[in-house]
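Q: Quick one, structure for this:
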Amino acid sequence: MDPSKSYLLPMARLGNGSKGQKIHLLTSHFRVNFTNVETQDFFQYSVVIKYEDGSPVEAKGIGRQILAKVQETYQSALGSKNFAYDGEAILFTVGPLPRRKLDFNVLLEDMSSTRTAGTNGEDMKRLRRPNQSRTFNVEISFAAKISIQSIKGGALQGKETNHVQDSLRVLDVILRQNAAKKGCLLVNQSFFHNDVKYFSKDYEGVHLCRGFHSSFRTTQGGLSLNIDVSATLLVKAGPVGSYLLANQGVQDPFSIDWKKAERTLKNLRVKVITTNNEYKITGLSGLRCKDQTFIWKQKKGDGDVEEVEISVFDYYKKHHEIILHDSAEFPCINVGRPKRPPTYIPIELCHLVSLQRYTKALTSYKRTNLLRESIQKPQDKMNVLNTALKNSKYNDDPMFQECGVIIGSDFTQVEGHVLPTPNLKVGYGEDLLPRNGRWNFNHKKLAEPATVTKWAVVNFSARCDPYKIIEDLVRCGRMKGVNIDYPFPTIIEENPQFKDAPGSVRVEKMFEQMTSVIPKLPNFLLCILPERKNSDVYGPWKKKILVESGIVNQCMAPQRNVNDQYITNILLKINAKLGGLNSVLAIERSGGIPSVMRVPTIIIGMDVSHGSPLQSDDAPSISAVVSSREWPLISRYRAFVRTQSPKVEMIENLFNRVSDKDDDGIMREALRDFYSSCGRKPEHIIIFRDGVGESQFNQVLNIELDQMMQACKFLDETWDPKFTVIIAQKKHHTKFFQGNRPENVPAGTIIDSKICDPRNNDFYLCAHAGLLGTTRPTHYHVLFDQIGFSTDDLQELVHSLSYVYQRSTTAISVVAPIRYAHLAATQMGTAMKFEDSSEKQSIHSGITTSEPVPVPPLPKLHKNVETSMFFC
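A: Down below sits the predicted model:
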């Protein structure tokens, strides 16, 4: 960023909206007060834990045990102070400790993480220890003083003061410590109990575990405790062999895919049932237990050590007198540390410990069933939150008592307003008024129907009747005004001999078949897949079609009952991809929002995808920007997708000057496309950004917005468009309820007071009708507004943009440009996959280099599809 430029900060609130019918709601915030007793400030201390020999303690999780022992042993030296420890390197007290620096030695006995039963020489030495105790040195030194007045004097009155976030961090650490003492798994500010009553049934070895989120928030109404139901996926505890059978859906161990098993087990923790000690899995042995050998340093009677090569199976039989019944034919679990000799343990002696998160990709079966388990109706969720708050007993926590915190037991009451439903236009200019965020095309024509000619159907071994699908598609299309010719008469069926080949091979063979039957490439392809999710054909197919061939296409994975509703949903996607529009907003035709429809305006949605958990850490992130075209429409978009550095959230290539005259950044492409589609340069630029937290707001303004402004100036130094920047957040924990009424809040409900930010310009919008579970509102933050929207106009625009999503007949939970950006990033990421870089990473794992890994560029879309809504 240019140091001569002023540093931008998020704008302050200008006022509240007034449109719509008022509604009284409850929210998952609980009022926080302080006792009248005068309390001391928070004191922050650094914590350094070392072994006796001075080496640092690297094992995670042991710090809390050590600090608990310090508090138990040295109460007097600590001045009888309670403290809140963050589990790593910081603790907080209310008032100071007796000295600025304190040193303690503590003895931990019966440490569960100490190894005692492996198969390398180091472990043999540990076997001879009379007990498993160890001494640690703990150094506590003063780091900072944090004023509690920033909360008592500001946050309680609904004001954001300096250092209030530091004080809130202390309170959040107290919440985490409270949960840790109860034996919970901590995931940021979400806490999960090790109790089967919170577990779903297991699906392929995976449970859904319900817990709760708890954090302090400053709001216009004062300080509040925000509580919400959380869920995480856990690996089913118990025998490793049983878990692998369930995970892979096989009946006997001889059917287990051990390469897949190794990927699944890596980094999970196991307990050895013969010693009760825990280890982290680093891999599997290359040979079967009865064949895998190691060098056993056996002590002889004269004191000499004899090196004996022995199999793991025989070692346990001779040395430990353990007869293995179910391990001989299978690999061993390797729990050796990286860069050290392997330590092998037979698989039947290993049990997965509880409360371990499952972070791998989900199969369709897992995803469907676990999603169903996570659904909670509003009243059920309120009851769970009440119970969670009661069971937490926060008001009895000694740290909260020392700082005078009292947490109320009632849901906070808020007032919202339900915005009028946007009117839609469909075929022949006919009006269509949605009801509670939903509509249908029964007896209606699409607003701008496309024509489908010269098209073909390919079938990747799906068990269905393609001819019936064709008949239904043609019939439903013509009912909706879409002129669909019949396709080429020959359906290209996959050759059965390639059914089990890799996805890329199947796609190439299918193309060879197609071109042998159809000499000229079709205008449109319908691709029938056997599975909805995780199909190994989908990615290679999209790459072949979008990058190499440039054919508009639609994939479908029909289930047994293909009804007209399913066919209509497919038709909506096809129409949008071929350049049609299914419905438009009435205000697009009438100019209803002057700042957008009467002044050339481009609307931009931005998102960054960081790939799946299975991708390597070097796999590039994918940034996607979608921009509106054919102004004054705000229903049609084009996507621009690029790769960027792994795990980087800020979009790096919005402006990329390559010479005095050339910029090959995304923003320039979007601006040129807008001009080519409507013949005007935009005077207003409205940006919707997804996927960033509050700590990154300043970066959005001073990095991303700055790049976009530079791109405009680089195109035309005299051009000075006005910008508005809005962040959309879905990953928050505020929910709304209609008191004693069982249903969700109505579609179009806005809340912009009381529980909103005390200083910044934000609001919550429930644009959609929550049919399953409890509605999750989107939290919008208006960071920057040169255009000068009134609060009502801006809220109406955001609400309306939830109704222009061409893939469905419902309002969606977030504005369509953001959803499109997410779809574009995900689809191109799936198409590319970056197999080569992932393979290199696995080959060179453990080797570090100071040189940055080059980011492979994303292949350009074929010119025939680059302006289409291919992501629909």
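Q: and residue 334, what does it touch?
A: Going by CB atoms under 8 Å, 6 or more residues apart in numbering, residue 334 touches 281, 282, 283, 284, 285, 342, 343, 344. No exception for glycine: its C-beta is placed from N, CA and C like everyone else's.
Q: Assign a three-state SS to the fourth one, would you?
A: Pointing back at residue 284 there. Under DSSP: H, G, I helix; E, B strand; the rest coil, residue 284 falls in the strand class.
Q: which sections of the stretch 51-200 of the chain are below the confidence cut-off?
A: In the predicted model, the stretch 51-200 of the chain carries pLDDT under 70 at residues 110-132, 154-162.
Q: Serialize the contacts of residue 334 to CSV and add fields for distance to residue 307, neighbour count and pLDDT.
A: Converted to CSV, the contacts of residue 334 look like this (distance: CB to CB, whole Å; neighbours: other CB atoms under 10 Å; pLDDT from 0 to 100):
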residue, distance to residue 307, neighbour count, pLDDT
281, 27, 20, 96
282, 24, 18, 95
283, 24, 18, 96
284, 25, 22, 96
285, 20, 24, 96
342, 17, 20, 94
343, 17, 21, 94
344, 17, 26, 96
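Q: Just the buried positions in stretch 349-361, please.
A: By 16 or more other CB atoms under 10 Å, the buried positions in stretch 349-361 come out as 349, 350, 351, 352, 353, 354, 355, 356, 358, 360.
Q: With residue 205 as the reference, measure out to the nearest residue to the fourth one once chain neighbours are set aside.
A: Taking CB to CB, 6 or more residues apart in numbering as the measure, residue 352 lies nearest to residue 237, with 5.2 Å between them; neighbours along the chain are not counted. According to CB to CB, to the nearest Å, residue 237 and residue 205 sit 10 Å apart.
Q: tell me which residues of stretch 726-743 are tucked away?
A: Those would be 726, 727, 728, 729, 732, 733, 734, 735, 736, 737, 738, for stretch 726-743 by 16+ other CB under 10 Å.
Q: Could you give the average pLDDT over that stretch?
A: Taken as a whole, stretch 726-743 has a mean pLDDT of 95.
Q: just stretch 317-325 next, same as before
A: What stretch 317-325 shows for mean pLDDT is 91.
Q: how far is that stretch from where the chain is centred?
A: 45 Å (CA atoms, centre = their mean, to the nearest Å).
Q: Would you mind measuring the gap between the ends of it?
A: End-to-end span of stretch 317-325 (CA to CA, to the nearest Å): 11 Å.
Q: Could you do stretch 685-701 as well?
A: The first and last residues of stretch 685-701 sit 14 Å apart, counting by CA to CA.
Q: Tell me the one of the buried residues of stretch 349-361 nearest residue 582?
A: residue 360 (36.6 Å; CB to CB).
Q: picking that back up, what count of nearby residues applies to the residue nearest to residue 352?
A: With neighbours defined by other CB atoms under 10 Å, the count for residue 237 comes to 19.
Q: Okay, now the unreliable bits of the stretch 601-750 of the chain?
A: Where the stretch 601-750 of the chain drops to pLDDT under 70, the residues are 612-617.
Q: which residues touch residue 184?
A: Counting by CB under 8 Å, 6+ apart, residue 184 touches 191, 192, 193, 194, 211.
Q: How far does stretch 414-423 sit from its chain's centre?
A: 29 Å.
Q: swap in stretch 749-766?
A: That offset, for stretch 749-766, works out to 23 Å (CA atoms, centre = their mean).
Q: Next, the distance between the ends of it.
A: End-to-end distance (CA to CA), stretch 749-766: 5 Å.
Q: Please apply the same query to stretch 693-710.
A: End-to-end for stretch 693-710, by CA to CA: 24 Å.
Q: going forward can the numbers begin at 500, since that is how I track them
A: Done: numbering now begins at 500, and the last item shifts to stretch 1192-1209.
Q: Skipping adjacent residues, who's closest to residue 1130 in space?
A: residue 1177 (4.5 Å).
Q: Run a quick neighbour tally on that neighbour.
A: The local packing of residue 1177 (other CB under 10 Å) involves 17 other residues.
Q: same deal with the one 5 residues further on?
A: As a burial measure, the neighbour count of residue 1182 was computed by other CB under 10 Å and equals 15.
Q: For it, give me its contacts.
A: Going by CB under 8 Å, 6+ apart, residue 1182 touches 1098, 1099, 1100, 1220, 1221.
Q: export those residues to a markdown table and tack on secondary structure and neighbour count?
A: What follows is the contacts of residue 1182, written out as a markdown table (DSSP: H, G, I helix; E, B strand; the rest coil; neighbours: other CB atoms under 10 Å):
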| residue | secondary structure | neighbour count |
| --- | --- | --- |
| 1098 | coil | 18 |
| 1099 | coil | 19 |
| 1100 | strand | 25 |
| 1220 | coil | 21 |
| 1221 | strand | 17 |
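Q: Go through the residues you listed and name the one nearest residue 676.
A: Residue 676 lies nearest to residue 1221 out of these, by CB to CB, at 48.1 Å.
Q: hey, where'd the helices end up in the stretch 1000-1149 of the chain?
A: Secondary structure of the stretch 1000-1149 of the chain (DSSP state H, counting those that start in this stretch): helices located at 1002-1016, 1037-1041, 1063-1076, 1085-1089, 1093-1096.
Q: The third one: how far from the chain's middle?
A: Relative to the mean C-alpha coordinate of its chain, helix 1063-1076 is positioned 28 Å out (CA atoms, centre = their mean).
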